[in-house]
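Novice: Need coordinates for the below:
(chains A, B, C and D)
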4 protein chains.
Amino acid sequence: MITHKTEVRVRYGEVDQMQFLYHAHYVDYFDVARTEFIRALGITNKEMEARGLMLPVINVNINYGIPANYDDLLTIHTTLKEMPGVKITFHYEVFRGEQKLTTGSVTLAFMDSATKRAIRPPQYMIDLFSPHFNK
Amino acid sequence: MITHKTEVRVRYGEVDQMQFLYHAHYVDYFDVARTEFIRALGITNKEMEARGLMLPVINVNINYGIPANYDDLLTIHTTLKEMPGVKITFHYEVFRGEQKLTTGSVTLAFMDSATKRAIRPPQYMIDLFSPHFNK
Amino acid sequence: MITHKTEVRVRYGEVDQMQFLYHAHYVDYFDVARTEFIRALGITNKEMEARGLMLPVINVNINYGIPANYDDLLTIHTTLKEMPGVKITFHYEVFRGEQKLTTGSVTLAFMDSATKRAIRPPQYMIDLFSPHFNK
Amino acid sequence: MITHKTEVRVRYGEVDQMQFLYHAHYVDYFDVARTEFIRALGITNKEMEARGLMLPVINVNINYGIPANYDDLLTIHTTLKEMPGVKITFHYEVFRGEQKLTTGSVTLAFMDSATKRAIRPPQYMIDLFSPHFNK
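Specialist: This next block holds a predicted model:
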């Protein structure tokens, strides 16, 4: 299991007229958190794309609890619970201080950008993940 | 059961560098489709808000199949399968021509905007829904 | 001179907590209006990109007058006042009914997508524009 | 004169299919930079709104030079060149490392949120600005 924490501050244009962070923007924040998770692991999305790997999103699921507001500094806990196969699922918890606001998950597929076909994660990705899962 | 169809054209700024409609924007499109669904039913979100009703989103679930591209004219089929209780769930299917690209659902809660408490749908909403569900 | 009118309805997620259409989204709307302007002229942005033409934005200028609100149906008047050279400037007026809310302009450069160099508009573009400007 | 620097990292969903940061998002970034500028001055937008002050945007002007790409870490230099009157103009320069990519300005009006009328900046705002402009 790997967990990584990323901070995101709610922007003015992301808040709706209920004064709540508009619900679609959690998907953006999960993407930001995933980018930083991957960077902390030792590679960047950019490098993966340069090496011919695409990771299209195949499922998003979000449970909204307590709304966030403009200028809130949120902490997103991103967790990989299982060694990825052809799919990889990130689990998210969004906190404002100690208060858990929202949870969700995003599942992506490993894809060869040349053939546009689903593939198993390449060895350089397995080498990054496996120290966290193998005993 | 009630179904309503809405067209949305993919904007340039909504497409990512994979040349795909960025996955977060389906949430925006579902909101557009829901707005038009409600309007077709005989009331507007604006009127509901003016009457003290809020409908915060409590769950979003999206299964991504085939990606959409810039300038695609998409048709979103929005379906209400059950008479709403304290929650209301809209089911979505996104088509490009005959091709189904993506499916999803959004669940909202009926909330009194003064008390911020969950409520049953007010009678004027029930009157709009019930002709479609009662035999 | 060429003028084209496009309708855009304000989305829930585009409105801020002042209950106004968030000011950045006019830039999105101008892009939508430009896409439709070009389509009405007889070509699409997509076809231009396929023919190796890029049109990066080099200036945006917007004067905000009266704010727009959620669910407003806006009409955007897009005008080309001059025969384009290496640059092309679109002028915009945003109306809600008879009321003019906002004006602006966007200037783009013609660019060869292979060489990434500024170019004069290709002949097929000149042929589309010139009937509207030459006597 | 007051200058403040803010870092913003380009998000995946903010990049278009030319692989450039989509031009509308500079407006979002300028808003982020302005929020941090104000915070560094000793007050927050949130506190200003709570004290009955609104700052609607009345002009945006952006000159786009070199495009930014996904995952770029940009530094935005926000400068207030003059003591504000009924209007306040922020000047922006967007850098990637040493390279200046884009410049722009945003002008806002001071407005009383109760009366919705333009006002001079309240004394507590003048007290924050004036040490930087008065000898």
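Novice: Now for residue A:82: which residues touch it?
Specialist: A:89, A:133 (Cβ atoms under 8 Å, 6 or more residues apart in numbering or on different chains). For glycine as for every other residue, the C-beta is placed from the backbone atoms N, C-alpha and C.
Novice: May I have the secondary structure class of it?
Specialist: coil (DSSP: H, G, I helix; E, B strand; the rest coil).
Novice: Compute the number of surrounding residues for the nearest residue to residue A:38 once chain neighbours are set aside.
Specialist: Distances taken as Cβ to Cβ, 6 or more residues apart in numbering or on different chains place residue A:45 nearest to residue A:38, at 5.8 Å, with adjacent residues excluded. The tally of other residues near residue A:45 (other Cβ atoms under 10 Å in any protein chain shown) stands at 18.
Novice: Output stretch A:11-23 as CSV, nothing but the C-alphas.
Specialist: C-alpha atoms of stretch A:11-23 as CSV (Å, rounded to 0.1, in the frame of the first residue of the first chain):
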residue,chain,number,x,y,z
ARG,A,11,-9.9,28.7,-6.6
TYR,A,12,-12.6,31.4,-6.8
GLY,A,13,-13.8,30.2,-10.2
GLU,A,14,-14.2,26.6,-8.9
VAL,A,15,-16.9,27.6,-6.4
ASP,A,16,-20.6,27.7,-7.4
GLN,A,17,-23.5,29.9,-6.3
MET,A,18,-24.2,27.6,-3.4
GLN,A,19,-20.7,28.8,-2.3
PHE,A,20,-19.5,25.1,-2.6
LEU,A,21,-16.6,23.8,-4.6
TYR,A,22,-18.4,22.7,-7.7
HIS,A,23,-18.7,18.9,-7.8
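Novice: List of residues touching it?
Specialist: So stretch A:11-23 is in contact with A:10, A:25, A:28, A:62, A:64, A:67-72, B:27, B:54, B:56-57, B:60, C:12-13, C:15-17, C:19, C:22, C:24-25, C:70, D:28, D:31-32, D:35, D:45, going by Cβ under 8 Å, 6+ apart.
Novice: what's the single longest helix in chain A?
Specialist: helix A:25-41 (DSSP state H).
Novice: quick one on the thing from earlier: the residue nearest to residue A:38 reaches residue A:37, doesn't it?
Specialist: No. Between residue A:45 and residue A:37 there is no contact under Cβ atoms under 8 Å: 10.1 Å.
Novice: Nearest residue to the spatially most central residue of chain A in space, please, no chain neighbours.
Specialist: Residue closest to the average C-alpha location in chain A (Cα atoms, centre = their mean): residue A:34, at 3.1 Å. Closest residue to residue A:34 apart from its sequence neighbours, by Cβ to Cβ, 6+ apart: residue A:90 at 5.6 Å.
Novice: Let me know the helix or strand that that neighbour is in.
Specialist: Secondary structure from DSSP states H and E places residue A:90 in strand A:87-96.
Novice: Report all helices and strands that that strand contacts.
Specialist: Secondary-structure packing of strand A:87-96 (3 or more Cβ pairs under 8 Å, 6 or more residues apart in numbering or on different chains; DSSP states H and E): helix A:25-41, strand A:73-80, strand A:99-109.
Novice: Now do the longest one, average pLDDT.
Specialist: What that stands for is helix A:25-41. Across helix A:25-41, the average pLDDT comes to 97.
Novice: Check what contacts the helix or strand following that helix and list those residues.
Specialist: Scanning forward in sequence from helix A:25-41 by DSSP H and E, the next helix or strand is helix A:45-50. Residues from elsewhere that reach helix A:45-50 (Cβ under 8 Å, 6+ apart): A:35, A:38, A:55, A:113, A:125, D:12, D:70-71.
Novice: which residues touch the helix or strand just after helix A:45-50?
Specialist: For helix A:45-50, the following helix or strand on the C-terminal side (DSSP H and E) is strand A:53-54. Residues outside strand A:53-54 that contact it (Cβ under 8 Å, 6+ apart) are A:110-113, A:116, A:122, A:125, B:18.
Novice: helix/strand/coil for residue A:67?
Specialist: Assigned with three-state DSSP, residue A:67 falls in the coil class.
Novice: so what's the nearest residue to residue A:76 once chain neighbours are set aside up against?
Specialist: Closest residue to residue A:76 apart from its sequence neighbours, by Cβ to Cβ, 6+ apart: residue A:33 at 4.1 Å. Residue A:33 sits next to A:4, A:6, A:8, A:76, A:78, A:90, A:92 when contact means Cβ under 8 Å, 6+ apart.
Novice: so how far is residue A:78 from residue A:5?
Specialist: Residue A:5 sits 8 Å away from residue A:78, going by Cβ to Cβ, to the nearest Å.
Novice: Tell me which residues touch residue A:100, please.
Specialist: A:65-66, A:93-94.
Novice: and it, what are its bridge partners?
Specialist: Beta-bridge pairing for residue A:100 (DSSP bridges): residue A:95.
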